[in-house]
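Student: just need the structure, nothing else, for what follows:
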Amino acid sequence: MEVVTLDEYLGKFGLSSPISSFMLDKLRLPHGNTLRQQKQLEKDNKKAADEYAARRNAKIAEYHEKLESGEIRKKTVLEQRIEIANGSEDNESTWAARRMLAKDGIAWK
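Tutor: Below you'll find the model as predicted:
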(Lines give C-alpha, C1' and ligand atoms only; values in the text may rest on other atoms or scores of the structure.)
Protein backbone atom coordinates (compact mmCIF):
# COMPACT_ATOMS: atom_id res chain seq x y z
CA MET A 1 0.00 0.00 0.00
CA GLU A 2 1.39 3.36 -1.02
CA VAL A 3 1.44 6.13 1.57
CA VAL A 4 1.03 9.51 -0.10
CA THR A 5 -0.52 12.93 0.45
CA LEU A 6 -2.71 14.64 -2.13
CA ASP A 7 0.05 17.16 -2.94
CA GLU A 8 2.59 14.38 -3.52
CA TYR A 9 0.14 12.45 -5.67
CA LEU A 10 -0.61 15.48 -7.85
CA GLY A 11 3.11 16.26 -8.04
CA LYS A 12 3.76 12.90 -9.69
CA PHE A 13 1.69 14.06 -12.63
CA GLY A 14 2.91 17.67 -12.73
CA LEU A 15 -0.37 18.97 -11.35
CA SER A 16 0.68 20.20 -7.91
CA SER A 17 0.05 23.88 -8.61
CA PRO A 18 -3.58 25.02 -8.39
CA ILE A 19 -3.08 27.17 -11.50
CA SER A 20 -1.52 26.42 -14.87
CA SER A 21 1.94 27.74 -15.71
CA PHE A 22 1.02 28.13 -19.38
CA MET A 23 1.46 31.91 -19.42
CA LEU A 24 4.74 32.18 -17.53
CA ASP A 25 6.93 32.26 -20.62
CA LYS A 26 4.48 34.32 -22.66
CA LEU A 27 4.24 37.40 -20.47
CA ARG A 28 7.50 39.06 -21.46
CA LEU A 29 7.23 40.87 -24.78
CA PRO A 30 9.65 43.70 -25.60
CA HIS A 31 7.22 45.71 -27.76
CA GLY A 32 3.84 44.54 -26.51
CA ASN A 33 1.00 42.89 -28.40
CA THR A 34 -1.48 44.08 -30.94
CA LEU A 35 -5.12 43.85 -29.92
CA ARG A 36 -5.60 40.79 -32.12
CA GLN A 37 -2.54 39.07 -30.61
CA GLN A 38 -3.74 39.91 -27.11
CA LYS A 39 -7.19 38.43 -27.73
CA GLN A 40 -5.66 35.27 -29.23
CA LEU A 41 -3.31 34.97 -26.25
CA GLU A 42 -6.21 35.33 -23.82
CA LYS A 43 -8.19 32.70 -25.74
CA ASP A 44 -5.24 30.27 -25.70
CA ASN A 45 -4.67 30.95 -22.01
CA LYS A 46 -8.30 30.24 -21.13
CA LYS A 47 -8.22 27.00 -23.11
CA ALA A 48 -4.97 25.86 -21.43
CA ALA A 49 -6.24 26.82 -17.97
CA ASP A 50 -9.50 24.93 -18.49
CA GLU A 51 -7.66 21.82 -19.71
CA TYR A 52 -5.25 21.99 -16.76
CA ALA A 53 -8.10 22.39 -14.27
CA ALA A 54 -9.95 19.43 -15.80
CA ARG A 55 -6.86 17.20 -15.64
CA ARG A 56 -6.15 18.29 -12.05
CA ASN A 57 -9.75 17.69 -10.92
CA ALA A 58 -9.72 14.24 -12.56
CA LYS A 59 -6.53 13.31 -10.67
CA ILE A 60 -7.98 14.60 -7.39
CA ALA A 61 -11.06 12.43 -7.92
CA GLU A 62 -8.80 9.48 -8.79
CA TYR A 63 -6.83 10.06 -5.56
CA HIS A 64 -10.00 10.01 -3.48
CA GLU A 65 -11.22 6.86 -5.25
CA LYS A 66 -7.92 5.12 -4.49
CA LEU A 67 -8.18 6.24 -0.86
CA GLU A 68 -11.65 4.74 -0.56
CA SER A 69 -10.65 1.50 -2.28
CA GLY A 70 -7.59 1.08 -0.04
CA GLU A 71 -4.93 1.21 -2.79
CA ILE A 72 -3.27 4.16 -1.05
CA ARG A 73 -3.53 5.84 2.32
CA LYS A 74 -2.86 9.35 3.58
CA LYS A 75 0.22 10.11 5.60
CA THR A 76 -0.48 10.74 9.24
CA VAL A 77 0.48 14.06 10.79
CA LEU A 78 3.32 12.30 12.61
CA GLU A 79 4.67 10.81 9.37
CA GLN A 80 4.57 14.25 7.76
CA ARG A 81 6.40 15.84 10.70
CA ILE A 82 9.12 13.18 10.65
CA GLU A 83 9.58 13.66 6.90
CA ILE A 84 9.90 17.42 7.37
CA ALA A 85 12.32 16.95 10.29
CA ASN A 86 14.59 14.88 8.04
CA GLY A 87 14.75 17.69 5.47
CA SER A 88 17.53 20.17 4.78
CA GLU A 89 19.07 21.76 7.86
CA ASP A 90 18.96 25.13 6.10
CA ASN A 91 15.16 25.27 6.37
CA GLU A 92 13.53 26.79 9.42
CA SER A 93 10.59 24.42 9.02
CA THR A 94 12.97 21.48 9.47
CA TRP A 95 14.18 22.85 12.79
CA ALA A 96 10.64 23.65 13.89
CA ALA A 97 9.52 20.09 13.13
CA ARG A 98 12.50 18.73 15.07
CA ARG A 99 11.64 20.90 18.07
CA MET A 100 8.00 19.79 17.96
CA LEU A 101 8.99 16.12 17.80
CA ALA A 102 11.58 16.52 20.57
CA LYS A 103 8.97 18.23 22.76
CA ASP A 104 6.64 15.27 22.22
CA GLY A 105 9.49 12.83 22.94
CA ILE A 106 9.55 11.34 19.42
CA ALA A 107 12.81 10.32 17.74
CA TRP A 108 12.84 11.88 14.28
CA LYS A 109 15.94 10.19 12.85
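Student: and the helix ranked longest in the chain, average pLDDT?
Tutor: In the chain, assigned by DSSP state H, the helix with the most residues is helix 35-69. In this model, helix 35-69 has a mean pLDDT of 93.
Student: now the element after it, going C-ward?
Tutor: Using DSSP states H and E, the helix or strand that follows helix 35-69 towards the C-terminus is strand 72-73.
Student: sheet-wise, list the partners of that next one with their directions.
Tutor: Paired with strand 72-73 in the same sheet, following DSSP bridges, are strand 2-3 (parallel).
Student: check contacts around residue 41.
Tutor: Residues near residue 41 by CB atoms under 8 Å, 6 or more residues apart in numbering: 26, 33. All C-beta spots, glycine's among them, are computed from the backbone N, C-alpha and C.
Student: off-centre distance for the longest helix of the chain?
Tutor: 14 Å (CA atoms, centre = their mean, to the nearest Å).
Student: the chain should start at 161 in everything you say after this.
Tutor: In the new numbering, first residue 161, that becomes helix 195-229.
Student: how does this structure divide up, domain by domain?
Tutor: Annotated domains of the chain cover 162-234, 236-269 [automatic domain parsing].
Student: ok, the residue nearest to the spatial centre of the chain - contacts?
Tutor: Compute the mean C-alpha point of the chain, and by CA atoms, centre = their mean the closest residue is residue 176, 2.6 Å away. Shown in contact with residue 176 (CB under 8 Å, 6+ apart): 167, 170.
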